[in-house]
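After the sequence you'll find the predicted model.
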Amino acid sequence: MRIKSHSDFWCGLIFVAIGVAFVVFARQYRLGSAARMGPAYFPTLLGGLLAVIGLGIAGAALVVDGARFPRLHVRPLLAILTAIVVFALVVDPLGFALAVVALVLIGGLADPDLHPMESIGVALLLALFSIGIFVALLGLPFNLWPTL
């Protein structure tokens with residue numbers, strides 16, 4: 001048995017794994033019936049449907065030719081993950097505005113063609129936009145600046 005479309009095959013297996021996980025985790029709740037659905041009915045139904053779709057995608061990948069699995073680029077992956085972790089760690093001590101700036105600047109390292117001045121401009125623009133949306137419009141109680 002030869003895999004003809006690696007990206008479709010692995011995508012299908014991920015769908016199957018997520019679907020099976022939903023079915024397994026939903027088992028701790030009462031299922032019920034179609035007339036009187038319990039709390040596990042909808043997650044079990046969706047998880048099973050997702051697993052069936054995943055099996056279909058993975059099965060088709062064994063028959064139909066497709067693109068090879070793309071090369072994994074480590075730099076963007078690490079830059080984005082680091083940016084998210086740094087944001088989570090500094091949002092309380094440095095405040096929301098500086099945490100957003102740090103998030104964008106570190107995330108900008110994922111693109112080797114991005115110039116530092118562009119990153120700074122985007123960081124400031126997104127910080128102002130985020131403050132406008134989350135604090136001014138939505139009224140979320142974020143500390144904007146470092147707490148002393």
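Arrived safely.

Confirm that residue 35 sits in a strand.
No. Secondary structure of residue 35 (DSSP: H, G, I helix; E, B strand; the rest coil): coil, not part of a strand.

what are the ranges of the helices in this structure?
6-26, 41-61, 74-94, 96-107, 116-130 (DSSP state H).

Out of the ones you listed, which gets nearest to residue 141?
Nearest of the helices of the chain to residue 141, taken as CB to CB: helix 96-107 at 10.1 Å. Where you see a C-beta, it was placed from the backbone N, CA and C, and this is true even at glycine.

Identify all contacting residues around that closest one.
Residues outside helix 96-107 that contact it (CB atoms under 8 Å, 6 or more residues apart in numbering) are 79-80, 82-84, 86-87, 90-91, 94, 119-120, 122-124, 126-127, 130-131, 134-135, 142-146.

And the helices of the chain: which comes nearest residue 32?
Taking CB to CB, helix 41-61 is the member of these nearest to residue 32, at 5.2 Å.

and the angle for that closest one with helix 6-26?
160 degrees (axes from the mean of the first three to the mean of the last three CA atoms, to 10 degrees).
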